[in-house]
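Engineer: curious how this folds, go ahead:
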Amino acid sequence: MRKIPGGVTAAKGFKAACCAAGIKYQGRTDMALIVSDTPCAVAGTFTKNLVKAAPVVWDQQIVYQEKTARAAVVNAGIANAATGEKGLALCADTAEAAGQMLGISPKTVLLGSTGVIGPQLPLERLRDGLKQMVPALSDSLEAGTAASKAIMTTDTVNKEFAVAFDLPAANGEGAVTVRLGGMSKGSGMIHPNMCTMLGYITTDCRIEQALLQKALSDVVRDTFNMISVDGDTSTNDTLLLFANGLAENAPIAQEDESYEAFRAALFSVCRDLAVKMAGDGEGATHLMEMRVYHADTRENARTLAKAVICSSLVKAMVFGKEANCGRILCALGYAGPAFDPAKIELYLNGEKDTVCFYRDGCVQDFDEEQALAILSEKAVRFSCDMKMGTEEATAWGCDLTYDYVKINGDYRS
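Structural biologist: Residues are numbered from 1 along each chain as shown. Got it, this is the predicted structure:
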């Protein structure tokens with residue numbers, strides 16, 4: 001597996017476009033379109049929030065019932081959430097408009113919206129945006145990058161990533177190159193119950209839909225499910241994975257070596273996008289990482305790691321660059337899983353140096369200047385050796401700053 005340039009247009013047969021539809025923002029693009037040349041197997045994961053945005057309801061019907069798709073229409077600025085029957089009707093109208101312009105069935109058009117909850121989306125602006133984008137569709141890497149920028153809200157940087165790997169050819173002669181790339185947006189209201197954000201991943205791999213869904217659901221658990229910015233699970237969380245099969249690899253129909261190679265590539269893309277989202281949290285100055293290892297179960301490791309990442313006191317500690325390991329110990333202690341505090345070891349890990357915070361049931365004497373230097377790095381990493389077993393998990397988040405309150409104090413305006 002190797003990293004390659006690009007995002008949603010890195011795989012064969014995928015095109016993208018974007019435009020400034022004027023939905024909420026002025027002077028920037030705010031609408032994106034992704035289209036496959038051929039029908040795709042599609043998989044998805046969605047918010048567990050009971051208040052689901054209209055596009056989430058629309059997409060779930062297609063992913064769970066139709067299981068194939070050709071396109072995704074995404075807008076930023078207005079979420080189309082808490083909009084009742086009008087919001088659902090707008091989804092149908094948008095898909096119908098896109099289907100007519102693209103010459104495909106509306107039931108193969110997926111939708112995504114992000115932004116302010118409550119206002120109705122202006123249908124005419126969506127239609128006008130589609131009229132701009134359909135003729136501009138391109139398979140260039142630049143088109144994919146532009147699409148990743150169009151779906152941003154409070155994000156400060158766009159997020160995209162792509163990889164390539166080799167699989168046996170369908171004709172039995174050697175191997176073919178398979179590509180998998182994606183884009184995502186997310187900066188605030190980030191606390192996943194499956195994943196959180198809008199995310200779109202495309203691949204030219206030929207794989208059965210059931211295995212595509214299995215791979216996505218499995219990978220999400222240790223990538224997008226392990227990030228948190230503010231503890232809020234959005235109404236619009238959607239992650240979609242399209243596979244059009246144009247790489248002409250031998251079809252993946254069982255959990256064999258080809259499936260594991262595909263899953264590893266998917267994990268790489270999802271992990272990179274997830275970490276980028278965590279580090280770009282609203283107002284953030286630091287990416288936070290918590291690795292829990294030698295735990296008794298994977299689930300307990302996940303729970304412990306996320307408790308630290310989600311702690312407001314730990315997040316504030318990182319912002320203030322204060323080496324107060326008691327904050328971390330407290331979060332581990334209330335997380336739920338049982339452990340012996342006298343046995344665990346807690347570390348602060350820098351690019352070059354490591355500080356032991358806690359061992360043998362006691363806070364250790366450590367070099368405060370060395371700890372400050374590590375806490376001043378862009379990525380602040382903690383680790384905890386539970387000394388109980390062989391399982392581990394890593395969670396990612398960001399510090400809690402004054403700017404987070406400023407951003408969310410007037411989000412609607």
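Engineer: flag every buried residue along stretch 66-84.
Structural biologist: 67-81, 83 (16 or more other CB atoms under 10 Å). C-beta: built from backbone N, CA, C; applies to glycine.
Engineer: just flag the most distant two among the residues you listed.
Structural biologist: By the measure CB to CB, Lys67 and Gly77 form the most distant pair in these, at 30.1 Å.
Engineer: need the distance between the two termini of stretch 24-37.
Structural biologist: Taking CA to CA, to the nearest Å as the measure, stretch 24-37 stretches 30 Å from start to finish.
Engineer: run the chain-centre distance for that stretch.
Structural biologist: Using CA atoms, centre = their mean, to the nearest Å, the mean C-alpha position of stretch 24-37 is found 18 Å from that of the whole chain.
Engineer: if we can go back for a sec, narrow the buried residues of stretch 66-84 to those in strands?
Structural biologist: Thr68, Ala69, Arg70, Ala71, Ala72, Val73, Val74, Asn75, Ala76, Gly77, Ile78 (DSSP state E).
Engineer: rebuild those residues as CSV, extending it with distance to Lys131.
Structural biologist: What follows is those, written out as CSV (distance: CB to CB, whole Å):
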residue, distance to Lys131
Thr68, 25
Ala69, 21
Arg70, 18
Ala71, 15
Ala72, 17
Val73, 12
Val74, 16
Asn75, 14
Ala76, 18
Gly77, 18
Ile78, 19
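Engineer: quick check: longest strand of this structure.
Structural biologist: Longest strand in the chain, counting by DSSP E: strand 31-46.
Engineer: how far off strand 68-78 does that strand point, in degrees?
Structural biologist: 110 degrees (axes from the mean of the first three to the mean of the last three CA atoms, to 10 degrees).
Engineer: report the buried residues of strand 31-46.
Structural biologist: 31-36, 40-46.
Engineer: what does stretch 147-157 give?
Structural biologist: So for stretch 147-157, counting by 16+ other CB under 10 Å, buried means Ala147, Ser148, Lys149, Ala150, Ile151, Met152, Thr153, Thr154, Asp155.
Engineer: looking at the protein, which helix or strand is least sure?
Structural biologist: helix 402-409 (a mean of 71; mean pLDDT, DSSP states H and E).
Engineer: put the alpha carbons of that one into PDB.
Structural biologist: Taking Å, rounded to 0.1, in the frame of the first residue of the first chain, the C-alpha atoms of helix 402-409 are listed here in PDB:
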ATOM      1  CA  TYR A 402     -11.200  30.400  24.200                       C
ATOM      2  CA  ASP A 403     -11.800  30.500  20.400                       C
ATOM      3  CA  TYR A 404     -14.100  27.400  20.600                       C
ATOM      4  CA  VAL A 405     -16.500  29.400  22.800                       C
ATOM      5  CA  LYS A 406     -16.300  32.400  20.500                       C
ATOM      6  CA  ILE A 407     -17.000  30.300  17.400                       C
ATOM      7  CA  ASN A 408     -20.000  28.600  18.800                       C
ATOM      8  CA  GLY A 409     -21.300  31.600  20.700                       C
END
